[in-house]
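**Q** with the sequence up front, the predicted model follows.
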Amino acid sequence: MKKSLTVGLTGGIASGKSAVSRIFREHGIPVICADELAREVVKPGSRGIREISSVFGDSVLDPDGELNRPELARRVFSDTSKRKILESIIHPKVSQEKDRLVDIYHKAGQHIVVVDVPLLFEAGWEGSFDLVILVYAPRKVQRKRLISRDKMSSDEASSRLNAQMDIESKRTMADIIIDNSESLVETEKQVAMIIERLETSLKSG
C-alpha cells in the first residue's frame with residue numbers, strides 16, 4: 001500500500017498557481033518551490049554557479065559573485081543550444097534537491113508533498129511525480145490578468161503567452177485540473193476536495 005504521495009503542481013503564466021500553492025500550505029501540506037531551489041543551486045560559491053561561469057564566462061556574474069540573470073537571459077534567450085546547456089546544469093541539481101526535501105518531509109510524517117514546478121511539462125518532469133495537478137485558466141483569462149495585473153500591453157501579453165506551452169495542451173497531460181478562472185472561493189473549494197480525495201486514496205491503498 002502506498003503511504004505517501006509526491007504531487008507535481010504546475011500551470012501557465014497568470015493561471016493562479018501561486019494562490020493554489022498558498023491554499024495547500026494553509027491546509028498543512030508542504031509545498032516545495034522549484035524556482036526557489038533553482039536560485040539556491042546557483043547561489044555564490046555553489047557548484048552550479050561555477051559550472052555556469054565556466055561555460056558562459058565571468059560576464060554572467062556580478063562583482064559580488066551573484067548570477068547576473070539579465071545578462072545570462074540575454075545569452076540564452078534566442079539560442080536554443082545555449083538554453084539547453086544551461087538547463088542541463090540547473091535541472092539535475094534542482095531535481096536532486098527536490099528529491100532530498102521530499103524524502104525529509106515524507107520521513108517526518110507528511111503523507112502528501114506538493115512540488116511547484118512552473119515548467120513541469122516543458123522540462124519533462126511529469127514522470128517524477130505520483131500525479132500532476134494543473135492550475136488552469138483559459139488563455140483569454142490569462143491574457144486579461146497579464147494586462148491588468150502586470151500592466152502589460154496587449155502585444156506584450158500575447159508574446160508572453162506565445163512563449164509558453166499552450167495551457168490547453170497542458171490540460172490534456174495533467175492528472176487533475178484546478179479551474180482557477182472564477183473566484184478564489186471556488187478555487188479553495190476545489191483544492192479542499194482534492195486534498196480529501198488524495199487522503200482517502202492513501203487510507204484505502
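**A** Cool, the structure landed. Remember, predicted model here, so these are calculated numbers, not experimental data.
**Q** count residues in the vicinity of I167, would you?
**A** Residue neighbour count, defined by other CB atoms under 10 Å, stands at 21 for I167. Yep, even glycine has a C-beta here, placed from its N, CA and C like the rest.
**Q** for it, give its distance to A108.
**A** 34 Å (CB to CB, to the nearest Å).
**Q** got it, and V60?
**A** Per CB to CB, V60 is found 37 Å from A108.
**Q** show me what the top helix by length along the chain is packed up against.
**A** Ranked by residue count and defined by DSSP state H, the top helix of the chain is helix 80-107. In terms of contacts (3 or more CB pairs under 8 Å, 6 or more residues apart in numbering; DSSP states H and E), helix 80-107 is packed against strand 31-33, helix 34-40, helix 47-56, helix 69-76, strand 112-116.
**Q** try it again at 10 Å.
**A** Judged by 3 or more CB pairs under 10 Å, 6 or more residues apart in numbering; DSSP states H and E, the packing partners of helix 80-107 are strand 5-11, strand 31-33, helix 34-40, helix 47-56, helix 69-76, strand 112-116.
**Q** now do the same contact list for the most centrally placed residue in the chain.
**A** By CA atoms, centre = their mean, the chain has its centre lying nearest to V117, at 1.8 Å. By CB atoms under 10 Å, 6 or more residues apart in numbering, the contact list for V117 reads 8-11, 17, 32-35, 37-38, 94-95, 98, 123, 125-126, 128-129, 132.
**Q** which residues does D35 contact?
**A** Contacts of D35 (CB under 10 Å, 6+ apart): V94, D116, V117, P118, L119.
**Q** switch to 7 Å and redo it
**A** Residues near D35 by CB atoms under 7 Å, 6 or more residues apart in numbering: P118.
**Q** how much space between it and L120?
**A** Taking CB to CB, one finds D35 at 12 Å from L120.
**Q** and for D179?
**A** With CB to CB as the criterion, D179 and L120 are 18 Å apart.
**Q** output the below-cut-off pLDDT ranges for this structure.
**A** By pLDDT under 70, the low-scoring segments of the chain are 1-2, 205.
**Q** make it 80
**A** Scanning the chain with the threshold set as pLDDT under 80 gives 1-2, 77-78, 205.
**Q** who's more crowded, V60 and A108?
**A** Using other CB under 10 Å as the criterion, V60 and A108 rank with V60 on top: 21 against 9.
**Q** state the number of residues packed around the closest residue to that one other than its chain neighbours.
**A** Distance criterion CB to CB, 6 or more residues apart in numbering; nearest residue to V60, sequence neighbours excluded, is L72 at 4.6 Å. By the criterion of other CB under 10 Å, L72 has 19 neighbours.
**Q** ditto for S154
**A** By other CB under 10 Å, 10 other residues sit near S154.
**Q** residue contacts, the closest residue to the residue nearest to the centre of the chain other than its chain neighbours?
**A** Distance criterion CB to CB, 6+ apart; nearest residue to V117, sequence neighbours excluded, is A34 at 4.3 Å. Neighbour list for A34: V94, K98, V115, D116, V117 [criterion: CB under 7 Å, 6+ apart].
**Q** for L119, see how far away A34 is.
**A** To L119, A34 is 8 Å away according to CB to CB.
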